[in-house]
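Undergrad: Predicted model follows, preceded by the sequence.
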Amino acid sequence: MIKSNNDDNMPIVLGILGGGQLAKMLALEAYKMGLNIAIIEKTAQSPAGEITQNEFPAGWDDKSELEKFIQASDIVTLENEFIDPEILAQIEKKRTVFPSSKTISLIQDKFIQKETFKSHGINLPNYAKLDNTAEAKEFAENNSFPIVIKTRKYGYDGYGNFTARNHGDIEKAFQKFHDGEIRPLLGESFVDFECELAVMVVRSSNGEQACYPCVETIQENHICHKVIAPAGISKEIRNKAQNIALECVRAIDGVGVFGVELFLTKQGDLLVNEIAPRPHNSGHYTIEACHTSQFENAIRGLLGLPLGSCQMRTGVAVMINLLGKKEGNGVPQDVRGLLSHPKVKLHLYNKKSSRIGRKMGHITLTGDNIEDVLKEINLAYDSLVW
Ligand code: ADP
């Protein structure tokens, strides 16, 4: 049993800021390893909140709720990068927090994140902060249309992105993102990529670090739809992507697991898109396909335990997200067709309501041959009744 620092008879309580599917999968792994968990989220019965008695549903903006959560936790981590680093710094006065407030303050704002990576010599798409439409038009002139206009903070699943193809689109983007409150924006050159890649990195509080194989991610409408592991590109480019990802995590002094997203350009260059300081959708396949899942390694890393092997124990794996198809009840109504493919693994997150494109679950299939695995997982996916 992994014992609490506070009480030798009790298991360590891992406090997780956020109660979504990433927290749930992390919690399930924590239980397997003999830990207990605490969840703070701004609603009750979140996917992770409903599987623990240590649920703090008033959220971290409520000071007394946050204090109760801190008291219930031995060590604290997070499942999204949107928490204010100042709140993390407050928690750090009482508990160890990984990733740290410093790490989050280096990446939460995508402009600061890019400046950080640039100062470490990491290649990125061209970018600039855009404080007004004149700056955006100048950026577009220097980089040529299209450009991608992004909110500097709080974007996810493409909700903070707008591809501008002309001056009219720039006006539209500023109207969209400046509706009510002013949201700081960033401009990025549009990358005409060959494919998108991702690498999960785990870095322990004891300094040990490792990375998972580079995977290909396929997005639809800026949301991850499918992940193919390992990416079907040359070993040389895979290794290069993995080294860049390790460098990104060192640049922000990260502890825990991190998802590094990259573009492979048509010219064969690798450009970093962004980093996520937490378990990542592109690493869900590791549950079935690797010796140690991203969730288990996150816990090992946070606790300073030896890391587990990141190697795949199957030749290939494919993961497909189950994205909500409507408002309201968005889970598949009948999964019998899917389960008649006996090697396909189903994960449903138990979210209380759905939206179009919301991540409601995922499926994974492992095997030896990518064509066979793709064929079967696509058939399984198509047999879901929504
Ligand atoms: P989020 O933080 O919301 O996930 P990202 O910045 O990762 O947003 O963008 C989501 C997707 O949008 C990317 O995976 C990619 O498909 C597309 N995208 C983002 N930036 C660019 C870019 N500069 N050029 C081309 N496509 C992009």
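TA: Arrived safely.

Undergrad: can you give me the strands in the stretch 101-250 of the chain?
TA: 127-130, 147-151, 161-164, 185-189, 193-203, 209-211, 215-220, 223-229 (DSSP state E, counting those that start in this stretch).

Undergrad: Show me what counts as buried in the longest one.
TA: Of all the residues in strand 193-203, those buried under the rule 16 or more other C-beta atoms under 10 Å are 193, 194, 195, 196, 197, 198, 199, 200, 201, 202, 203. Heads up, the C-betas are built off the backbone N, CA and C, glycines and all.

Undergrad: Those residues: which ones sit near the ligand?
TA: Of the residues in these, proximity to the ligand by C-beta under 6 Å from any ligand atom holds for residue 196.

Undergrad: And the buried residues of strand 193-203, which two are furthest apart?
TA: In the buried residues of strand 193-203, two members sit farther apart than any others by C-beta to C-beta. They are 194 and 203, at 28.4 Å.

Undergrad: interface residues of the stretch 151-300 of the chain facing the ligand?
TA: 155-161, 188, 190-191, 196, 219, 222, 261, 273-274.

Undergrad: And those residues, which of them are buried?
TA: By 16+ other C-beta under 10 Å, those give 155, 157-158, 160-161, 188, 190-191, 196, 222, 261, 273-274 as buried.

Undergrad: Model confidence for whichever residue of the stretch 1-150 of the chain sits closest to the ligand, exactly?
TA: Closest to the ligand within the stretch 1-150 of the chain is residue 148: 4.2 Å, counting by C-beta to the nearest ligand atom. The score at residue 148 is 97. That number is its pLDDT.

Undergrad: how close does residue 375 get to residue 176?
TA: With distances taken as C-beta to C-beta, to the nearest Å, residue 375 is found 40 Å from residue 176.

Undergrad: Report the contact partners of the residue nearest to the spatial centre of the chain.
TA: In the chain, the C-alpha nearest the mean C-alpha coordinate belongs to residue 280, at 3.1 Å (C-alpha atoms, centre = their mean). Residue 280 makes contact with 198, 200, 257, 258, 259, 294, according to C-beta atoms under 8 Å, 6 or more residues apart in numbering.

Undergrad: Could you do residue 17 as well?
TA: When contacts are counted by C-beta under 8 Å, 6+ apart, residue 17 is found next to 40, 60, 76, 77, 78, 79, 80, 83.
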